[in-house]
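Undergrad: I would like the atomic coordinates for the input below:
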Amino acid sequence: MGRICWALISIAGKLEPDGKNSLRKATPCLFSTDERHFEKSNEQQNAVVLWTMHPWERDARFFKEALTRGTKGYSLIIEVACTRSSEELLGARKAYHSIFHSSVEEDVASHVRDEIAKSEAEFLHDAIKKNAILIEDDEIIRIFCTRSKLHLKAISGHYKQFFGKDLDEVLDAAMRKGADGFTQEALTQAIVSQADVI
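TA: Presented below is the predicted three-dimensional model:
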């Protein structure tokens, strides 16, 4: 089986773009055309298929794979973004949308926001664990005063997932520690004012 794969790779490697296009059309078991007339692979990503598929699709699939790896995959996204022409990147964006029915920029931004929400949930946990006076911590006030409602929900969700406690109950208890009523009220107003920001 390995020899067959290498033989196919060596043949495919010598093909010009038109030859690869012909090979894609001649192998409907490996490639199909979607409603946008974009040729894409049928999810079988071995070396032969990757080599044969359209470069835009290959980059789009690399982007998606990199996002599933989390921070370990960011180097692949940077590599592709830095080594492709603007036309190739535009093509990869179109392929990504055609294959995954979403925008690569939105998926990357969403993933990065989620990583930040996880990090901030851990930061809050550490501050609470150290018995810090939360309403006097500039970073905590910044988080609650600048993050959107959706982001705060993500932080709360990660907090519960990681530490098994509801963040609002923990915050309520932590805010009581020696803070005067005026300071607590100011923080409450800052948090509530962000609740309507999406």
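
Undergrad: Report the buried residues of the one helix or strand L76 maps to.
TA: Per DSSP states H and E, L76 falls inside helix 74-83. By 16 or more other C-beta atoms under 10 Å, the buried positions in helix 74-83 come out as 74, 76-77, 80. All C-beta spots, glycine's among them, are computed from the backbone N, C-alpha and C.

Undergrad: which helices and strands sit right next to it?
TA: Other elements packing on helix 74-83 under the criterion 3 or more C-beta pairs under 8 Å, 6 or more residues apart in numbering; DSSP states H and E are helix 55-68.

Undergrad: ok, now which ones touch the closest residue to L76 other than its chain neighbours?
TA: With C-beta to C-beta, 6 or more residues apart in numbering as the criterion, L76 has its nearest non-adjacent residue at 4.2 Å, and that residue is A66. Counting by C-beta atoms under 8 Å, 6 or more residues apart in numbering, A66 makes contact with 73-74, 76-77.

Undergrad: which one of those residues sits closest to I143?
TA: The nearest member of the contacts of A66 to I143, counting by C-beta to C-beta, is Y74 at 22.9 Å.

Undergrad: residues contacting the closest one?
TA: A66.

Undergrad: Just the buried residues of stretch 105-116, please?
TA: Neighbour-count burial for stretch 105-116 [16+ other C-beta under 10 Å]: 108, 111.

Undergrad: And the contacts of that stretch?
TA: So stretch 105-116 is in contact with 63-64, 67, 70-71, 77, 93, 96, 100, 151, 154, going by C-beta under 8 Å, 6+ apart.

Undergrad: now do 10 Å
TA: Applying C-beta atoms under 10 Å, 6 or more residues apart in numbering, the contact partners of stretch 105-116 are 63-64, 66-68, 70-71, 73-74, 77, 81, 93, 96-97, 100, 102-103, 143, 147-148, 150-151, 154-155, 157-158.

Undergrad: Where does pLDDT dip in this structure?
TA: 1-20, 23-32, 37-48, 132-135, 171-198 (pLDDT under 70).

Undergrad: all strands for it, in order.
TA: Assigned by DSSP state E, the chain shows strands spanning 31-33, 39-41.

Undergrad: give me the number of residues near R58?
TA: 19 (other C-beta atoms under 10 Å).

Undergrad: same deal with K72?
TA: 9.

Undergrad: Number the residues from 41 up from this point.
TA: Will do, 41 is the new start, and the previous item becomes K112.
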